[in-house]
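Visitor: Fold the following, please.
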Amino acid sequence: MPDPILDTLRTEFGDFGNLAELTRVVFRLFVAMALAACIGWEREQSGAVAGLRTHMLVSLGVALMVIAASQSKIGPADLSRVLQGIFAGVGFVGAAAIIRPHEGQIHGVTTAAGIWATAAIAAAAGLGRAPIAMIATAFAVVILVWLRRVEHKRAERIQQAENEKPG
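Guide: Here you go, the predicted structure:
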């Protein structure tokens with residue numbers, strides 16, 4: 001006689017019986033978190049509000065939602081709505097990184113954009129598009145690291161020109 005409790009557990013944890021599917025899920029989650037770590041590490045080193053852990057957790061959550069939605073056999077239109085909901089929610093996380101201290105200056109926009117880009121990278125990884133996610137991560141790191149150096153050099157030149165002006 002079949003045991004209804006064991007049958008329910010087998011049904012609920014059926015994916016764990018399929019080693020190929022389990023490996024695919026673990027790989028996609030790992031890729032999403034590893035790529036987010038590249039961006040999060042740079043933000044951490046820059047002293048940004050959202051660093052390594054934040055980027056990795058956002059990435060894990062986004063990849064998990066995408067994987068779960070795509071495994072539930074929903075159609076493309078429903079998956080599109082899931083993605084829309086994810087990015088609306090991520091926008092709120094990014095908004096929390098933007099602060100307005102004094103003198104009307106806004107800080108945290110780059111961090112917010114980084115969180116948003118990390119979510120997109122995680123969505124790609126969760127959908128099994130690791131190469132696209134890796135290329136996007138490389139571009140994001142170039143933007144964050146190389147362009148910051150360009151901005152600093154420009155600011156130094158402007159400051160130097162200001163100092164050389166006759167008083």
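
Visitor: only C-alpha atoms for contact and neighbour calcs from this point on.
Guide: Noted.

Visitor: which secondary element of the protein has the worst mean pLDDT?
Guide: helix 14-17 (a mean of 68; mean pLDDT, DSSP states H and E).

Visitor: Now the element after it, going C-ward?
Guide: Sequence order places helix 19-45 as the next helix or strand after helix 14-17, per DSSP states H and E.

Visitor: Same question for that next one: list its buried residues.
Guide: 25, 27-44 (16 or more other C-alpha atoms under 10 Å).

Visitor: how distant is that helix from the center of its chain?
Guide: 10 Å (C-alpha atoms, centre = their mean, to the nearest Å).

Visitor: So for that helix, mean pLDDT?
Guide: Helix 19-45 shows a mean pLDDT of 94 in the predicted model.

Visitor: so what does the top helix by length along the chain touch, helix or strand wise?
Guide: Longest helix in the chain by number of residues (criterion: DSSP state H): helix 130-164. Identification of packing neighbours for helix 130-164 by 3 or more C-alpha pairs under 8 Å, 6 or more residues apart in numbering; DSSP states H and E yields helix 19-45, helix 109-126.

Visitor: And the contacts of the shortest one?
Guide: Looking back up the chat, that one is helix 109-126. 28-29, 31-33, 35-36, 39, 43, 48-50, 55, 58-60, 62-64, 66-67, 83, 87, 90-91, 93-98, 130, 132-134, 136-137, 140 (C-alpha atoms under 8 Å, 6 or more residues apart in numbering).

Visitor: Can I get the buried part of those as one ChimeraX selection?
Guide: Only the buried entries of the contacts of helix 109-126 go into this ChimeraX selection, using 16+ other C-alpha under 10 Å:
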select :28,29,31,32,33,35,36,39,43,48,49,50,55,58,59,60,62,63,64,66,67,83,87,90,91,93,94,95,97,98,130,133,134,136,137,140
